[in-house]
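Chemist: below are the sequence and a predicted model; questions follow.
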Amino acid sequence: MIKKIQQKVYMHFIQNYFPFLTASLVTKFFFTFILLKAAIEFYLELKNRRYIQQHQNEVPKKFQEKITLADHQKAASYSMAKINFGIISSLIAIVVLLLWTAGGGFNLIDRVARSYATTPLTTGLIFFGLYSIISFIISLPESIYSTFIIEEKFGFNKTTIKIFIIDIFKGGALGIIIGVPILAGILSIMNYLGQFWWIYAWGFLTIIQLGLLLIYPNFIAPLFNKFSPLEDGDIKNTIVALLQRVDFPHDELFVMDASKRSAHGNAYFTGFGKKKRIVFFDTLLETLEPKEIEAVLAHELGHFKKKHVFKMLIKAIAMSLLGFAILGFLYEANLFYLGHGVSIPSTYMALALFMTVSSVYTFFLTPISSWSSRKQEFEADEFASQYADPNKLISALVKMYKDNASTLTPDPLYSAYYHSHPPAIIRVNHLEQLVNKQGKSC
């Protein structure tokens, strides 16, 4: 009865507002968006590669005293290697997407799942199991090449084949232990909770995600890395003094053995309330001086104090609600299935299809998200300059650009579209302005 009402509401909406809409037209829209997305991606990648090539033989003046030409050229070569591989990966992704949809891949594994299952729930779980296994097999060569060819070539890979394989099994086990119950819960809600199932599904998933944020530091992260308390000394004393100045409640300071997988350095904090855990990559501690580490951490604390973390969480929850609302509408729309190459509608197919094709349409919102993120980076830098030495943040950033082989000269348009952080020159210029302001105010 409820499904019939939903179908009538849907048909009424389509007939009154989109009477011209047909399955073939949806397919044309889908292909058009794929082509537009691919055209923008390839144009920006090629533009970025050309820009980096044009500037690879000269270090920007602002960095000439701290970064050698050899290091600058290494960063350019590293970036271009990733760009070239990224273009190939994007082409493969387009082919795989078309095979799943218009190519009948979803229909094929749906028939297999239906032949082995007896209930809608078990059919859905088998379907997603097959989909996950096939997707993993398809993505495995890309992961292997990225880790053992590109990262190895430029001296960043520390992952052994043993660790790589163990990580795969651990990730698969977590997927089964955590992912399957979540999936079963969402599919059950879709099947049995009526017209407004999408609200219940959103609430269920939100609670689960918040719960995972709580348990991640103590139960999930340690499965992949070793976390040791930060040893007493200058670094710890400097950090503790900063945390006291900023009035940042925390649980403990940890060092993560990131060096067993990669030479890249970073730091982060996780958790809620007084149980926030601050984690430093061991690679970062080996590279930076205590005052530089203080400045980097002050930047990260700026995200918390400026409520960026809270805003991002609220944004994610709101976007999740919007996504479920759209799925709730498309759930009963035969045009959604037929237009994307699926023959038989179902709850699990609606979820899988939406998860697969939504990125094609949301891709065009990327620059908005990037702009918002860069704005927050500037705000965090301003906060850091108030509680730490901005000159030390500049020197830390330069060292991190060098050690991570991050290009100093990305194409401006490419960076504006994709990058969550401002380009090196723009960010350092901003920090130098903060230094000058502090000098004038003294």
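Modeler: In hand now; what should we look at?

Chemist: I'd like the distance between residue 123 and residue 39.
Modeler: According to CB to CB, to the nearest Å, residue 123 and residue 39 sit 38 Å apart. In short, each C-beta sits where N, CA and C put it, glycine included.

Chemist: so these two - more neighbours on which side?
Modeler: Neighbour tally, residue 123 and residue 39, criterion other CB atoms under 10 Å: the higher count belongs to residue 123, 21 against 10.

Chemist: domain ranges for the chain, per the record?
Modeler: Domain segmentation of the chain under automatic domain parsing yields 2-220+310-364, 225-287.

Chemist: put the alpha carbons of stretch 159-171 into PDB.
Modeler: C-alpha atoms of stretch 159-171 as PDB (Å, rounded to 0.1, in the frame of the first residue of the first chain):
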ATOM      1  CA  THR A 159      55.500  -0.700   2.800                       C
ATOM      2  CA  THR A 160      56.600  -4.300   2.400                       C
ATOM      3  CA  ILE A 161      54.600  -6.900   0.400                       C
ATOM      4  CA  LYS A 162      53.900  -8.600   3.800                       C
ATOM      5  CA  ILE A 163      52.400  -5.400   5.300                       C
ATOM      6  CA  PHE A 164      50.500  -4.700   2.100                       C
ATOM      7  CA  ILE A 165      48.800  -8.100   2.200                       C
ATOM      8  CA  ILE A 166      48.200  -8.000   5.900                       C
ATOM      9  CA  ASP A 167      46.500  -4.600   5.500                       C
ATOM     10  CA  ILE A 168      44.200  -6.000   2.800                       C
ATOM     11  CA  PHE A 169      43.100  -8.900   5.100                       C
ATOM     12  CA  LYS A 170      42.600  -6.500   8.000                       C
ATOM     13  CA  GLY A 171      40.600  -4.100   5.900                       C
END
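
Chemist: and it, what's buried?
Modeler: Using 16 or more other CB atoms under 10 Å as the test for burial, stretch 159-171 gives residue 159.

Chemist: residues making contact with that stretch?
Modeler: 144, 147-148, 151, 223-224, 260-262 (CB atoms under 8 Å, 6 or more residues apart in numbering).

Chemist: pull out the buried residues from the residues you listed.
Modeler: Here, 16+ other CB under 10 Å leaves 147, 151, 224, 261-262 buried among the contacts of stretch 159-171.

Chemist: which ones are touching residue 67?
Modeler: Residue 67 neighbours (CB under 8 Å, 6+ apart): 59, 398, 401-402, 408.

Chemist: rerun that using 7 Å as the cut-off
Modeler: 59, 398, 402 (CB atoms under 7 Å, 6 or more residues apart in numbering).

Chemist: does the second one sit in a helix or strand, and which one?
Modeler: To tie it back to what came earlier, the one meant is residue 398. helix 390-403 (DSSP states H and E).

Chemist: swap in residue 254?
Modeler: strand 252-256.

Chemist: quick one: average pLDDT of that strand?
Modeler: The pLDDT scores in strand 252-256 average 87.

Chemist: send the alpha carbons of it over as CSV?
Modeler: Output of strand 252-256 as CSV, limited to C-alpha atoms (Å, rounded to 0.1, in the frame of the first residue of the first chain):
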residue,chain,number,x,y,z
GLU,A,252,47.5,12.0,25.6
LEU,A,253,50.2,12.7,23.0
PHE,A,254,51.1,9.8,20.7
VAL,A,255,53.6,9.0,18.0
MET,A,256,52.5,6.7,15.2
